[in-house]
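would you be able to build a 3D model of this:
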Amino acid sequence: MASPSWEEFADLALRRIKASGAEYGDIRIQRSTTESILGEDRRIASIRSIEDSGFGVRVLYHGAWGFAASSILSLEEVPRVADLAVEIARGSASIAVEKVRLAEEPIHCDRIVTPVRIDPATVPLDQKTSLLLNAMEALHGRRGIVRSTAEVWWRRDRKHFESTEGSVLDCDLLAAHGAISSTALHEGRFATRSCNTPHLRKGYELIEEAALLQEAPRVADQAFEKVTAPAVENGQYDMVLDSEHLSLTMHESCGHPTELDRVLGYEANYAGTSFLTTDKLGSFRFGSPHVTLVADNTEPETLAATGYDDDGVACQRWDIVRDGLFVGYCTNREVASKIGEQRSRGSNRADGWGSMPIVRIANIGLAPGTATLDQLIAGVKRGIYIEGQGSYSIDQRRYNFQFGGDAFWLIENGKRTHMLRDVIYHGITPEFWNSCDGVADRTFRRRYGFITCGKGQPAQSGWMTHAASPARFRNAQVIRGEGRS
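Residues are numbered from 1 along each chain as shown. Here you go, the predicted structure:
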C-alpha cells in the first residue's frame, strides 16, 4: 500500500484543528538535504551528508499559540501532533494576557522552485574534493602560509505548507556556498585572509563562477602582506567599506533593530531589544540622505526570497530607511497590526520543521549611489579601505558597536597605499549611518548572505542576504585590536 501524500497528511491535520474550534492552524512538512565538505591544510577533514525530515503544526486557539512537531510522518502521528498543538494552545489561552490577532492575507496556492543550472547533488564527490585540495595546494604554494581551509556547502529544502484558511504552498529551494582561507605566520603573529562566494539560492554553478582555485594566489599573498603590515594607529579615519563588509554591518546595526518583535520586547530576555522604538517610525533620522535601505524578499537568488514566508504571506519589497529617514520594520501576521499596518511584510520564518516561525530580518540592502569606488577613495585624505568580515560586537539595543574586517588598506591623499592590520572601528548606529556621504553605483553592487543568524528560544538560525555597493563614512573612531582582526 502506497504511503499517503504530503497533501493527505496535511488534510488530516487540518481537519483535526478545525474540529477543535481553533480560529487558525497550519502545517509545514519539510525534507532537507545538506552536504558539507571541509578541507584543512591540504587534506579533506570532513564530508557530511545529512537528511532531515519532519513536520510542525501550529494552532491559534482563542488568541494563543500552540505548536508541536515530530520527525515521524504517519497516519497515527499526524493527528496526535495536531491534537497536542491544540492542547498547548488551549493551555496558553487560559493564561494569555493579550490575544493574538492575525493580519489578513489572501489565500495563496503556488509552487516555488529555485532555478538551478547545475544540481550540486549530481556533481561527483571527487570533483568537489579535487577542487578543495587543489585550492589548498595553491594557497600553501605561496610565501609564509601555514594553514589553509576550503569548503563547499549546499542545502536543498522541500516544503509543503497548508493552512485552515486555504493556502497551499509547495517549495523546492536550494542554496550553495564555497570558501577558501589562508593563514600566514610572521614573527610569531598570525593573520588570515579569506575568499567567499556569497550564500545564494543557486546551484553548483555558484562554486564554478567563484573561481576559487584562481583566487588562491591572491588570497595567500594578501594573508602574508597582512601579517607583515604595520598595526593601525589609534585615531579618527574616514572609511570606505566594501560590499561584503557592509553586509555584516547592515545585518547587525540595521537588520536586527528593525525586527518588530524585538522592538516590542519579545527578545528582551535573550538577544536584546532595539533603539528603533515605534515612536521613531516615520520621523527618526537614521542616516544621511545617501542612505536608503531596501528590504527585498523578492529578488531572485537571495536567501529570504522563498516566495512566501512561514505564515503563508507572499514575499514583498519595502523601504526600511528612505533617504535617511526610518520608515519600516520587518513584521509577521501577529505583530503588523501593532503599528497600524493591515498586512504583514512576510518576514516570519522558521529554520526547520521543528521550529516555531518568528520574525526574521529581511533581505535588507543599501541602495546604490552614483560614484565609482575610485571616486570614493579619491575623496579621502586619511582613511582606511576595508574588505570582508571580521570580529564584531554590538549592545543589546543595537546602538553601540565595533567591527573588524578581513583586510585593511591605508588611504592617503586619495590613494590606497599599503595594508594595515588589527583595525577595529567603533561607533553609534545612527551617528555612523549619518556620516555616510557616498555610495558606489550599481555596477559595484554585490550580495552576501547569512545562514547562522541566531535568534529565539530555543535558538534558531535564520537565512537572509544583504546587498550593497561600497560606501564611504567620515570620521570613524579606530582602535588597534591586537589579534582580533
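
give me the element residue 223 is part of.
helix 212-228 (DSSP states H and E).

also residue 376?
helix 373-378.

residue 438 against residue 472, yeah?
Yes: at 4.3 Å, residue 438 counts as touching residue 472 under the criterion of C-beta atoms under 8 Å. From N, CA and C alone the C-beta is placed, and that goes for glycine too.

of these two, who's got more company?
Neighbour totals were compared for residue 438 and residue 472, and residue 472 leads with 25 against 20 (other C-beta atoms under 10 Å).

residues in contact with the following helix or strand past the helix holding residue 376?
Sequence order places strand 382-387 as the next helix or strand after helix 373-378, per DSSP H and E. Residues from elsewhere that reach strand 382-387 (C-beta atoms under 8 Å, 6 or more residues apart in numbering): 232, 237-242, 244-245, 377, 405-412, 416, 420, 423, 425, 478.

drop anything exposed from those residues.
Listed as buried from those are 232, 237-242, 244-245, 377, 405-411, 416, 420, 423, 425, 478; burial here means 16 or more other C-beta atoms under 10 Å.

please parse this protein into its domains.
Taking automatic domain parsing as the criterion, the chain consists of the domains 6-228, 235-480.

mind listing what residue 231 touches?
420-422, 480, 482.

how near is it to residue 381?
21 Å (C-beta to C-beta, to the nearest Å).

which non-adjacent residue is nearest residue 313?
residue 346 (3.9 Å; C-beta to C-beta, 6 or more residues apart in numbering).

how about the secondary structure of the one you found?
With DSSP: H, G, I helix; E, B strand; the rest coil as the basis, residue 346 sits in coil.

and residue 126, by the same measure?
Per three-state DSSP, residue 126 ends up helix.

just the pLDDT for it.
Residue 126 is assigned 97 on the pLDDT scale.

for it, give its distance to residue 88.
For residue 126 relative to residue 88 (C-beta to C-beta), the value is 48 Å.

those two - which one has more neighbours?
residue 88 (19 against 9).

how close does the more buried one sit to residue 3?
27 Å.

same question for residue 47.
30 Å.

of these two, who's got more company?
residue 47 (14 against 10).

wait, what's in contact with that one?
For residue 47, the contact set (C-beta under 8 Å, 6+ apart) comprises 35-38, 125, 129.

which ones among the residues you listed lie within strands?
Among the contacts of residue 47, the residues falling in strands (DSSP state E) are 35-38.

write the ChimeraX selection for whichever of these are buried.
Those of the ones in strands among the contacts of residue 47 that count as buried under 16+ other C-beta under 10 Å are selected in ChimeraX with:
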select :35,37,38
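
of all the ones in strands among the contacts of residue 47, which comes closest to residue 251?
residue 36 (22.1 Å; C-beta to C-beta).

which residues in the stretch 351-485 of the chain form strands?
Assigned by DSSP state E, counting those that start in this stretch, the stretch 351-485 of the chain shows strands spanning 358-359, 364-366, 382-387, 392-394, 400-403, 407-412, 415-420, 423-428, 436-439, 446-455, 460-468, 471-480.

which of those sits closest to residue 186?
Between residue 186 and the strands of the stretch 351-485 of the chain, the shortest gap by C-beta to C-beta is with strand 415-420, which sits at 12.5 Å.

gap between stretch 392-407 and the chain center?
Averaging C-alpha positions (C-alpha atoms, centre = their mean, to the nearest Å) puts stretch 392-407 16 Å from its chain's average.

so for it, mean pLDDT?
96.

quick one: contacts of it?
192-194, 222, 226, 244-245, 248-249, 252-253, 256-257, 271-276, 386-391, 419, 423-429, 432, 479, 481, 484-485.

and if we set it to 7 Å?
Applying C-beta atoms under 7 Å, 6 or more residues apart in numbering, the contact partners of stretch 392-407 are 193-194, 222, 226, 245, 248-249, 252-253, 256-257, 272-275, 386-391, 419, 423-429, 481, 484-485.

do the same with stretch 217-229
In contact with stretch 217-229 (C-beta under 7 Å, 6+ apart) are residues 138-139, 142-145, 180, 182-186, 189-195, 407, 418-421.

PyMOL command for the buried members of those?
Of those, the buried ones can be selected in PyMOL as follows, counting by 16+ other C-beta under 10 Å:
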select buried, resi 138+139+142+144+145+180+182+183+184+186+191+192+193+194+195+407+419+420+421
